[in-house]
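>>> Below is the structure, and that's it, no one-letter string:
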């Protein structure tokens, strides 16, 4: 019985060691290679060395003329910040969307930022250092040629890239680009409920 207990204890120690090694590799790995942690039919979560990123659509279906919001929830890591619009001398966090025919993409909606005081240079810089959301609305064209193009497609995939440079209170890290995508079921015009933009 004692040998069996020792064997169980050794197995537990080995399992804990493997978990710790994997966690350390994730924390110290290449920031340019984000790790996808979980993915469902409507939401995807990704971790980089600096941010937790979750993206999803405001609703699973889209039809011509009815906007849907593509949401990117971002949670900076401990003591991390990224730069907000107005930080002219720094790389502002940006969601760059891939264009495609008959898909309208207005400018991304940014939430209010806060001022970070960088004391060594006496700078006051707009940043995000708490959880926040970026929202990209998408609307399908209603012209006859657009309706004809969408008619044979069961779904629409929209892609983009989240670009940012994160800093903590001591150092700025290399810029990172994170590929993102959203897949929406296509429905004929008028078949979908009213779309909306979630609060930021």
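Now that the structure is in, tell me what you want to look at. The shown structure was predicted, so the numbers you read here are calculated from the model rather than taken from an experiment.

>>> List the buried residues for the helix or strand that contains residue 182?
Assigned by DSSP states H and E, residue 182 falls within strand 176-186. Under the neighbour-count criterion of 16 or more other CB atoms under 10 Å, strand 176-186 has 176, 178, 180, 182, 184-186 buried. For glycine as for every other residue, the C-beta is placed from the backbone atoms N, C-alpha and C.

>>> Touching, residue 155 and residue 186? I think so.
Yes: counting by CB atoms under 8 Å, residue 186 is a contact partner of residue 155 at 5.6 Å.

>>> so who does the nearest residue to residue 57 once chain neighbours are set aside touch?
Leaving aside its chain neighbours, residue 57 sits nearest to residue 182 (5.1 Å; criterion: CB to CB, 6 or more residues apart in numbering). Applying CB atoms under 8 Å, 6 or more residues apart in numbering to residue 182 gives the contacts 55-57, 70, 157-159.

>>> please redo it, this time with the cut-off set to 6 Å
57, 70, 158 (CB atoms under 6 Å, 6 or more residues apart in numbering).

>>> ok now do the first one, which residues does it touch?
Read it as residue 57. 68, 70, 182, 184.

>>> can we see that at 10 Å?
42-43, 68-71, 136, 138, 158, 182-185, 195 (CB atoms under 10 Å, 6 or more residues apart in numbering).

>>> now swap in the last one and tell me
Listed by CB under 10 Å, 6+ apart, the contact set of residue 158 reads 57, 62, 68, 70, 97-98, 100, 103, 105, 136, 138, 180-184.

>>> What's the separation between it and residue 187?
Residue 158 is 15 Å from residue 187, where distance means CB to CB, to the nearest Å.

>>> What score does the nearest residue to residue 50 once chain neighbours are set aside have for pLDDT?
Nearest non-adjacent residue to residue 50, counting by CB to CB, 6+ apart: residue 166, 3.6 Å away. The model reports residue 166 with a pLDDT of 96.

>>> ok, now the one 3 residues further on?
Per-residue confidence (pLDDT) for residue 169: 84.

>>> can you tell me how far it sits from residue 188?
For residue 169 relative to residue 188 (CB to CB), the value is 53 Å.

>>> Check residue 108 too.
The value you get for residue 108 to residue 188, if CB to CB is used, is 28 Å.

>>> Those two: which is more packed in?
residue 108 (18 against 11; other CB atoms under 10 Å).

>>> pretty sure the more buried one is touching residue 138, no?
No: here residue 108 lies out of contact with residue 138, judged by CB atoms under 10 Å, at a distance of 11.1 Å.

>>> Which residue, other than its chain neighbours, is closest to residue 134?
Nearest one to residue 134, counting by CB to CB, 6+ apart, is residue 72 at 4.4 Å.
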